[in-house]
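Participant: only geometry, no sequence info:
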């Protein structure tokens, strides 16, 4: 079902791609529901994937020998190699085929599938900043019964991760090494001061619904898109932050780290999501925030309370960073 895309003339010239190499023709953009959309063919053709219907005009599967991506109409959630990922806009049915937003194509899916097509220099990976969430007067999430405080668990995982990354040859900088309070805006500022190449913020989650467990990974929401938690447009959706310069690389980073954590810990997959967290907005390097688990879930909290589990989480994050580095090396070839 794969089609060959050809250049389309608009106003006497070929439409230029905003992000990807000029040797490939830009897909035709259609305005649907106030958003620029393109046919899913644009993704399959440029990523070399084969299309097949799972449910005609509703659910489409894109595959090659290594990759499986499934999109469903009217849903922001997709399946990527068995993982839960969230688009900025829902896929939609139009003219008897599936469309996805142009931003999701250019800044999210295609970078993960074809990192060599990302324009500009490939980021280096020498200095990594680890940001243990909360600290000092800010306890973060609490499990009073087990005497768990997010700030302490995050710092413990961060210190374990620091040892692993230093052993792998990286320069590692911590935003805090003790139980101290650091205002959110100073955390990305610290990364800028040390010329960081990567920023990893470590957190744990909490909800009133104590039955919920699992891990989440957050990357910065692209400009003009809604964050995953937003059902409606927000005023800051139009804002472009410094961190948005790294949207394609954030997508690759998020995928690699989320995959490593979910598969290594066998945790419930709560999804790779988008948010405009303060620690991500002003970064001048790729970065993400990982939620390692829920201290409000009895079973998961008991795991988080053990040094062995926290070591496994640190190892999973380190493995995800290693997979991200391999993707950067691939993009340079």
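Facilitator: Alright, I've got the coordinates. In this text, all values refer to a predicted model and were calculated from it rather than measured experimentally. Numbers count the residues shown, from 1 in each chain.
Participant: Give me the mean pLDDT for the longest strand along the chain.
Facilitator: Ordering each strand of the chain by length in residues (DSSP state E) puts strand 83-94 first. Averaged across strand 83-94, the pLDDT comes to 97.
Participant: list the buried ones in that strand?
Facilitator: Neighbour counts over strand 83-94 (16 or more other C-beta atoms under 10 Å) mark 83, 84, 85, 86, 87, 88, 89, 90, 91, 92, 93 as buried. Using the backbone N, CA and C atoms, a C-beta is placed for each residue, glycine as well.
Participant: What is it packed up against?
Facilitator: Under the contact definition 3 or more C-beta pairs under 8 Å, 6 or more residues apart in numbering; DSSP states H and E, strand 83-94 sits against strand 30-32, strand 35-39, strand 75-80, strand 97-101, helix 102-104, helix 247-265, strand 269-275.
Participant: re the thing from before, grab the two from the buried residues of strand 83-94 that are most spread out in space.
Facilitator: Distance extremes for the buried residues of strand 83-94: the farthest pair is 83 and 93 at 23.8 Å, using C-beta to C-beta.
Participant: which residues does the spatially closest residue to residue 194 that is not a sequence neighbour contact?
Facilitator: When the adjacent residues along the chain are set aside, residue 194 lies closest to residue 173, with 4.8 Å between them (C-beta to C-beta, 6 or more residues apart in numbering). Residues counted as contacts of residue 173 (C-beta atoms under 8 Å, 6 or more residues apart in numbering) are 127, 128, 129, 130, 190, 191, 194, 196.
Participant: Confirm that residue 173 sits in a strand.
Facilitator: Yes - Residue 173: assigned to a strand according to DSSP: H, G, I helix; E, B strand; the rest coil.
Participant: So what pairs up with it in the strands?
Facilitator: Taking DSSP bridges as the rule, residue 173 bridges to residue 129.
Participant: could you give the angle of the longest helix that the chain contains to helix 247-265?
Facilitator: With secondary structure taken from DSSP state H, the chain has its longest helix at helix 307-332. Interaxial angle of helix 307-332 relative to helix 247-265 (axes from the mean of the first three to the mean of the last three C-alpha atoms, to 10 degrees): 140 degrees.
Participant: Against which helices or strands is helix 307-332 packed?
Facilitator: Checking 3+ C-beta pairs under 8 Å, 6+ apart, helix 307-332 ends up next to helix 150-167, strand 198-205, helix 247-265, strand 287-294.
Participant: Surely residue 316 and residue 267 touch.
Facilitator: No - at 9.3 Å, residue 316 and residue 267 do not qualify as touching, with contact defined as C-beta atoms under 8 Å.
Participant: before we move on, the earlier item: I'd like to know which of the contacts of residue 173 are buried.
Facilitator: The neighbour count (16+ other C-beta under 10 Å) marks 127, 128, 129, 130, 190, 191, 196 as buried among the contacts of residue 173.
Participant: List the residues that contact the first one.
Facilitator: In this case it means residue 127. 170, 171, 172, 173, 194, 195, 196, 197, 198.
Participant: Closest to residue 153 out of those?
Facilitator: Ranked by distance to residue 153 (C-beta to C-beta), these are led by residue 172 at 19.1 Å.
Participant: Roughly how far does that closest one sit from residue 130?
Facilitator: Between residue 172 and residue 130 the computed distance is 6 Å (C-beta to C-beta, to the nearest Å).
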